[in-house]
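Asks: sequence first, predicted coordinates after that:
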Amino acid sequence: MRMATEANQQGWWVACSDVPYAIYIGLETEASSIRSYEPPVIPGLLQPPAYARAVIEETIPLATADQIATRLEVRLRRQARAHHPGRPFRLWVVLDESALRRVVGSPETMREQLEHLTHLGAQPHITVQVLPHDAGAHPGVAGQFSILHFTDTASDAGACAGGTVYLERFTSDLYLEKRSDIRHYNVMYDHLQGQALGPEATRHFITRATEELLAGSPRGRS
């Protein structure tokens, strides 16, 4: 409840030092909807604490214990906005199958993540789709991207009325606001959704992945 309340406060993330993607958090806080494609791992908005900590620890080798704790706190506070009971934004996520097969942290951590993903995918404002390996080549092979859309109120606060495309990189991020770029990425996302499994088929796919993980099958460990 504290995080949900604070998530509504403008600029709460500024008080957290060493947050390299503060600009994105500001945009995310004002967004009315987000369309996200994630190939390597489950996106931060859908991560439970154990999985989130493991991702931070294992992807930032030089991070100190304090930096890890700060990033974890920020990630969990971002989720409060996504699940706010009064005004959650609309969230679409297309996941590459590899994000489900990659065991992050431990098998138990990964099991918790997959079950958490199934629970969140059943929420009315969250749509999760899996892009299986047998879908072949697709517009997302170049990597992660997110498309943030804003209401008129958000655009008055400085966000681009047509939206913003966010490209996450290791040392510096890219923000695209040209209408032609946004249109291009929207078309890419439409194609990704068309090639991905539907929400119901995705739930069955995640359930099978969880069962294979628990059974310790070679595919579950891949």
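Replies: Noted; the coordinates are in hand.

Asks: buried residues, the one helix or strand Glu28 maps to. List them.
Replies: Using DSSP states H and E, Glu28 sits within helix 22-30. Buried residues in helix 22-30, counting neighbours by 16 or more other Cβ atoms under 10 Å, are found at 24-30. All C-beta atoms are positioned from the backbone trio N, CA, C, and that covers glycine.

Asks: mind putting these into TSV with distance to Tyr189 and pLDDT?
Replies: Shown next, in TSV, are those (distance: Cβ to Cβ, whole Å; pLDDT from 0 to 100):
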residue	distance to Tyr189	pLDDT
Tyr24	17	77
Ile25	21	78
Gly26	22	78
Leu27	17	81
Glu28	17	82
Thr29	21	79
Glu30	20	81
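
Asks: wait, which of the residues you listed is closest to Gly143?
Replies: Minimum distance to Gly143 across those is 15.6 Å, recorded for Tyr24 (Cβ to Cβ).

Asks: which residue, other than its chain neighbours, is closest to that closest one?
Replies: Tyr166 (5.6 Å; Cβ to Cβ, 6 or more residues apart in numbering).

Asks: for the one you found, what are its contacts?
Replies: With Cβ atoms under 8 Å, 6 or more residues apart in numbering as the criterion, the residues that contact Tyr166 are 24, 27, 145-148, 173-175.

Asks: tell me which stretches of this protein form strands.
Replies: All strands of the chain, identified by DSSP state E, fall at 31-38, 90-96, 126-131, 145-150, 164-167, 174-176.

Asks: show me what the shortest one is packed against.
Replies: Taking 3 or more Cβ pairs under 8 Å, 6 or more residues apart in numbering; DSSP states H and E as the contact definition, the neighbouring helices and strands of strand 174-176 are helix 22-30, strand 164-167.

Asks: if we can go back for a sec, packing partners of the helix holding Glu28?
Replies: helix 65-82, strand 145-150, strand 164-167, strand 174-176.

Asks: cutoff 7 Å now
Replies: Packing partners of helix 22-30 (3 or more Cβ pairs under 7 Å, 6 or more residues apart in numbering; DSSP states H and E): helix 65-82, strand 145-150.

Asks: angle of that helix against helix 65-82?
Replies: 20 degrees (axes from the mean of the first three to the mean of the last three Cα atoms, to 10 degrees).

Asks: let's have the chain start at 36 instead
Replies: Okay, using 36 as the starting number, the last item reads as helix 57-65.

Asks: pull the CA atoms of helix 57-65 into CSV?
Replies: C-alpha atoms of helix 57-65 as CSV (Å, rounded to 0.1, in the frame of the first residue of the first chain):
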residue,chain,number,x,y,z
ALA,A,57,15.2,7.6,-14.3
ILE,A,58,14.0,9.2,-17.5
TYR,A,59,12.2,6.0,-18.5
ILE,A,60,10.6,5.7,-15.0
GLY,A,61,9.2,9.2,-15.4
LEU,A,62,7.7,8.3,-18.7
GLU,A,63,6.4,5.0,-17.4
THR,A,64,4.7,6.7,-14.5
GLU,A,65,2.8,9.0,-16.8
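
Asks: pull the distance from it to the chain's centre.
Replies: 13 Å (Cα atoms, centre = their mean, to the nearest Å).
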